[in-house]
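In: With the input below, show me the fold.
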Amino acid sequence: MTRRSEQRDGRGKRRRRGHLEDERPLVRRVGGRSRRVRVVYVACEGESTEPDYLEYLNERYGDTGSTPFRIQPIYRKNGMLPSETVEAVSEIAAEDEAWALFDRDEHHDILKAVKGAAAGNVDLAFSHPSFDLWLLLHFQAFGGTQSGSSKLVIEKLRQTDAAFKDYGKRGDKSIEAARRDALERNQDNAVARARGLVKSCPHGSCAPGRAVTDPVDRDAGTRSPQQWAARSGHAPDCPLLVRDPSTDVWRLLVSLGIHPTTR
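Out: Numbering: from 1, shown residues only. Next up, the predicted model:
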């Protein structure tokens, strides 16, 4: 990850400046006319799977909807802690939309990450136990407490589709070629199953229909960490660390217009 400079305009708002902005145009010509590009920065805990997946979303869907979008993945070699993803995207995104994508795993700073995200209006795509669960939900439903372990999730993922039979072996957790095709064929199922995990949360008051997918105004007032974590559809008093298993990645797809909002 590279730092980029920024400055403030006359209204006190931050303005983007530097090479990251230069990597993608803010206006694209689509169908013979110009349309403004929606820029979304997403900081990833992992350095391989999640950035690969986000680039797949860019390539497959970035120009297909009513509003073109460009996801700018932010990641580091050897990964980041959850709180570091929030710090990184807060620094780089300036006033643009910002998401932090991280897992439960065995991390001990998740509540710190949520507190920082609430303070900085950074949206969350939290997965418990890991992002691998989101991939698995493309092919089958899944339930049962995993306590931060992805072992069973990955075992089942390898059994679901030929493209994923070697997933995680020899360090190969990439999302390319045949794996992208397999995910695309089953995307609707993944969204439905992820929403189903919210509905079946043992807390009892969680409902996917209450999830918030509207873009976040980075300059809006802050909310409590509990209120911020409830954007996922889970109740404000549902403890984040017991949402096992669950994944909020579906909200990112709905927010980008890749998948229609479902109530």
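In: other SSEs contacting the helix or strand where residue 158 lies?
Out: Assigned by DSSP states H and E, residue 158 belongs to helix 151-160. If you count contacts as 3 or more Cβ pairs under 8 Å, 6 or more residues apart in numbering; DSSP states H and E, helix 151-160 packs onto helix 131-136. From N, CA and C alone the C-beta is placed, and that goes for glycine too.
In: which residues sit against the helix it packs on?
Out: By Cβ atoms under 8 Å, 6 or more residues apart in numbering, the list of residues contacting helix 131-136 from outside reads 45-46, 49-50, 53, 101, 103, 127, 142, 150, 153-154, 156-157, 160, 164, 167-168, 175, 183, 190, 194, 245-247, 249-250.
In: Identify those among these that sit within helices.
Out: Among these, the members found in helices (DSSP state H) are 49-50, 53, 153-154, 156-157, 160, 183, 190, 194, 249-250.
In: Just put those in TSV and tack on distance to residue 228, pLDDT and neighbour count.
Out: As requested, these are arranged in TSV below (distance: Cβ to Cβ, whole Å; pLDDT from 0 to 100; neighbours: other Cβ atoms under 10 Å):
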residue	distance to residue 228	pLDDT	neighbour count
49	25	97	22
50	21	98	27
53	23	98	26
153	26	98	22
154	29	98	20
156	31	98	16
157	30	98	23
160	33	96	17
183	28	97	22
190	24	98	22
194	19	98	26
249	17	98	21
250	17	98	28
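In: Looking at the residues you listed, which one is closest to residue 137?
Out: Nearest to residue 137 among these: residue 190, at 4.4 Å, using Cβ to Cβ.
In: mind listing what that closest one touches?
Out: 134, 137, 138, 183, 250.
In: so where do the strands sit in the protein?
Out: Applying DSSP state E to the chain gives strands spanning 6-8, 14-16, 27-30, 33-36, 38-44, 69-74, 97-103, 123-128, 246-247.
In: would you list those strands in CSV and tack on mean neighbour count, distance to residue 233 and mean pLDDT?
Out: What follows is the strands of the chain, written out as CSV (neighbours: other Cβ atoms under 10 Å; distance: least, Cβ to Cβ, whole Å; pLDDT from 0 to 100):
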stretch, mean neighbour count, distance to residue 233, mean pLDDT
strand 6-8, 12, 33, 33
strand 14-16, 15, 30, 36
strand 27-30, 13, 32, 51
strand 33-36, 11, 29, 72
strand 38-44, 24, 20, 97
strand 69-74, 21, 22, 97
strand 97-103, 27, 16, 98
strand 123-128, 24, 12, 98
strand 246-247, 26, 10, 98
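In: I'd like to know which of these is closest to residue 57.
Out: So among the strands of the chain, strand 69-74 is nearest, using Cβ to Cβ, at 6.0 Å.
In: and the closest one, what does it pack onto?
Out: strand 38-44, helix 49-61, helix 82-93.
In: can I get those in CSV with distance to residue 258?
Out: Output for the helices and strands packed on strand 69-74, formatted as CSV (distance: least, Cβ to Cβ, whole Å):
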stretch, distance to residue 258
strand 38-44, 12
helix 49-61, 5
helix 82-93, 20
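In: Tell me how far the spatially closest residue to residue 188 that is not a sequence neighbour lies from residue 57.
Out: Beyond its immediate neighbours in the sequence, the residue positioned closest to residue 188 (Cβ to Cβ, 6 or more residues apart in numbering) is residue 259, lying 7.1 Å away. Counting by Cβ to Cβ, to the nearest Å, the gap between residue 259 and residue 57 amounts to 11 Å.
In: Please apply the same query to residue 211.
Out: 19 Å.
In: what's the neighbour count on residue 197?
Out: Residue 197: 25 surrounding residues under other Cβ atoms under 10 Å.
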